[in-house]
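Engineer: I'd like to go over a predicted model; first the sequence, then the structure.
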Amino acid sequence: GEPAFSTAGEYNAYIDLTDEWGNSARYETAIRVHDITTDVTAEAGSTVAEIKKLFFPHGEDDALKVSEDIEKYRSKVGEYELTAVGEYSEIPLKLTVEDTVAPTLAVKDKVVFVGQTVTPEMLVTSCKDPPEVKLSFAEDPRMDKPNDIPVTIIAEDEAGNRTEAKAKLFVNVDDQPPVI
C-alpha cells in the first residue's frame, strides 16, 4: 500500500520496477512524513517556544530543526524566510511577525518647577511593548506659572497601536536658595 502522507511518521515504501523484457526488482526505502506548518503568523514579543508551537502544533519533530535563530525575529515586525532542516530534507518556512497589541503604560504624578523642561518619560513608571515605543504628550503642558496641570501621555508603537494614560504635573515656584 501507499504511505499515509497525511499522518506524520516514518513509513516503509516499496518501489517496484520492471523493464521491457519482464525483469523486475523491488527496492525498499523509508519515507518520513513531518507534521509541520510552513507559514505562520506570530504576535511581536511571542516567545521562541510559542513560535515553535505554531510551526509544530503537535509537538516538535525530533527529525527537524529550524536552522535560523528565531530569537532575533520574534520582536521585529516583518516577514522572515526560515528553513527546517532534517537528515534528508530542507523545508522552507515563512514567519510573519505582526504587532496588533497596544503598549501597556503606567504613569505617576510629578512635582516640577516653573520653566522646567518636562518630558513624558519623567512621568512614566513602566511602558511595555516588544517593538520600540514613542512617548509624547497629547498636548504640551504650559510651564510658565504655578498650577496643577492634568496631562495625557501617549505611548505609540511602530505599528501605530496606542495607549493613553493620565497624570498630573504640580508646577511650583522654586523659591529655595541653592544649598552647598
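Structural biologist: Looks like it arrived, so ask away. None of these values were measured; they are calculated from a predicted model.

Engineer: CA atoms for contacts and neighbours, from now on please.
Structural biologist: Noted.

Engineer: residues contacting the nearest residue to Lys166 once chain neighbours are set aside?
Structural biologist: Distances taken as CA to CA, 6 or more residues apart in numbering put Thr152 closest to Lys166, at 4.5 Å, once the chain neighbours are dropped. When contacts are counted by CA atoms under 8 Å, 6 or more residues apart in numbering, Thr152 touches 137-139, 164-167.

Engineer: and if we set it to 10 Å?
Structural biologist: Residues near Thr152 by CA atoms under 10 Å, 6 or more residues apart in numbering: 107, 120, 136-141, 164-168.

Engineer: Please, a ChimeraX command that selects the buried ones among those residues?
Structural biologist: Buried residues among the contacts of Thr152 (16 or more other CA atoms under 10 Å), as a ChimeraX selection:
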select :107,120,136,137,164,165,166,167,168
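
Engineer: The contacts of Thr152 in strands, which ones?
Structural biologist: Cross-referencing the contacts of Thr152 against strands under DSSP state E gives 107, 136-137, 164-168.

Engineer: can you tell me how far the residue nearest to Met122 when sequence neighbours are not counted sits from Pro120?
Structural biologist: Nearest non-adjacent residue to Met122, counting by CA to CA, 6+ apart: Lys110, 7.8 Å away. According to CA to CA, to the nearest Å, Lys110 and Pro120 sit 11 Å apart.

Engineer: Which positions within stretch 130-149 qualify as buried?
Structural biologist: 130-131, 133, 135-137, 143, 146.

Engineer: What's the mean pLDDT across it?
Structural biologist: The average pLDDT within stretch 130-149 is 91.

Engineer: How about stretch 69-87?
Structural biologist: 90.

Engineer: Give me the buried positions along it.
Structural biologist: Judged by neighbour count (16+ other CA under 10 Å), stretch 69-87 contains these buried residues: 70, 73-77, 82-86.

Engineer: List phi and psi for the residue nearest to Lys166.
Structural biologist: The phi/psi pair for Thr152 (degrees, to the nearest 10) reads phi -120, psi 130.

Engineer: what's the closest of the buried residues of stretch 69-87 to Leu95?
Structural biologist: Nearest to Leu95 out of these is Leu82 (CA to CA; 7.2 Å).

Engineer: Skip the chain neighbours and tell me the closest residue to the closest one.
Structural biologist: Of all residues not flanking Leu82 in the chain, Leu93 sits nearest, at 4.9 Å (CA to CA, 6+ apart).

Engineer: Any chance of the backbone angles for that neighbour?
Structural biologist: Torsion angles, degrees, to the nearest 10, at Leu93: phi -120, psi 150.

Engineer: Show the contacting residues for it.
Structural biologist: Contacts were defined as CA under 10 Å, 6+ apart; by that measure Leu93 touches 36-40, 55, 66, 80-84.

Engineer: Great, nothing more from me.
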